[in-house]
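K.L.:
generate a structure from the sequence data that follows.
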Amino acid sequence: MRQVQHKQLSRDIISMMDPNQIPQNTGQYDYILNAPTPKKANFFSGGKNGGKKQTILYSIIFVLVIVTIFVVVLSVFISANKKDYTLYKKILDEQTEIIRITDLGYAKARSASIKNYATSIKSITTSEKTDTLAYLKGAGIKIDEKVLASKKDTNNDKTLTAAEQANQYDEKLTLVLNTLVISYQKDIKTLGTDVSTKTERALINTLQVNAKVIANTPKTQ
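P.N.:
Have a look, this model is predicted:
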């Protein structure tokens, strides 16, 4: 009886409505067929998992930026504090050339005093070269001793050859040695402005003391 009453009430309501207001599509499956297509959530959307993914991405980017900055700062710091051994290498070359010329001079000089002068310089410089090589090797600097020994200033050879032919060998030998020693001593004096270890300080002290000894070595009797 109640169902009949409900149906009758529904008919009365529909009959009272404006025909234009009555829905045209009354299919019972319209809500399924006409349902809006759900949007695909992308990585950056604020959906359920989007927020977590976004947080992870930002965290990775942040870490990469920090690591990059750290590497750059560390590289700059290492470069700024890297020891420059250029002058020590130059001094080593000078020691090698002085020793080479003293060997030539001792073999060809006529004056005993010049021979003694060459011998004294060689003795001191050979010891210094040993100390300089030890210091550079201890600092991790690779030195090819064969290449080092093969180096020579051919201008000095030409000067001594011409002097020998002109019977002026002793005088020119003294001049060549003095020129080499003066240049060598100037370089030694510039050391000590950037000392990083006790070993380096000890080497500098030795070189500077020996420079004074060489300066006071008599050239003639």
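K.L.:
using the record's domain definitions, break the chain down for me.
P.N.:
1-82, 86-215 (automatic domain parsing).
K.L.:
looking at these, which one has the lowest mean pLDDT?
P.N.:
If the domains of the chain are sorted by mean pLDDT, domain 1-82 sits at the bottom with a mean of 59.
K.L.:
if I pick residue 183, what's in contact with it?
P.N.:
Residues near residue 183 by CB atoms under 8 Å, 6 or more residues apart in numbering: residue 94. Just so you know, the C-beta spots here come from the backbone N, C-alpha and C atoms, and that holds for glycine as well.
K.L.:
helix or strand: which one has it?
P.N.:
Using DSSP states H and E, the element containing residue 183 is helix 169-189.
K.L.:
again with residue 204
P.N.:
Per DSSP H and E: helix 198-215 holds residue 204.
K.L.:
what does residue 131 give?
P.N.:
Secondary structure from DSSP H and E places residue 131 in helix 112-138.
K.L.:
elements contacting the helix or strand following that helix?
P.N.:
Scanning forward in sequence from helix 112-138 by DSSP H and E, the next helix or strand is helix 145-150. With contacts taken as 3 or more CB pairs under 8 Å, 6 or more residues apart in numbering; DSSP states H and E, helix 145-150 sits against helix 86-108.
K.L.:
show me which positions of the helix it packs on end up buried.
P.N.:
Within helix 86-108, the residues that qualify as buried by neighbour count (16 or more other CB atoms under 10 Å) are 88, 91-92, 94-102, 104-106, 108.
K.L.:
and it, what does it pack onto?
P.N.:
If contacts are counted by 3+ CB pairs under 8 Å, 6+ apart, helix 86-108 sits against helix 112-138, helix 145-150, helix 154-165, helix 169-189.
K.L.:
now it against helix 169-189, angle please.
P.N.:
Helix 86-108 and helix 169-189 are oriented at 160 degrees to each other (axes from the mean of the first three to the mean of the last three CA atoms, to 10 degrees).
K.L.:
what sits up against helix 86-108?
P.N.:
Contacts for helix 86-108 (CB under 8 Å, 6+ apart): 114-115, 118-119, 121-122, 125-126, 128-129, 132-133, 135-136, 141, 143, 148-149, 151-153, 156, 160, 164, 169, 173, 176-177, 180-181, 183-184, 187-188, 190-191, 207.
K.L.:
just stretch 211-221 next, same as before
P.N.:
The set of residues external to stretch 211-221 that reach it, using CB under 8 Å, 6+ apart, is 111-114, 116-117, 120-121, 124-125, 174, 178, 181, 184-185, 188-189.
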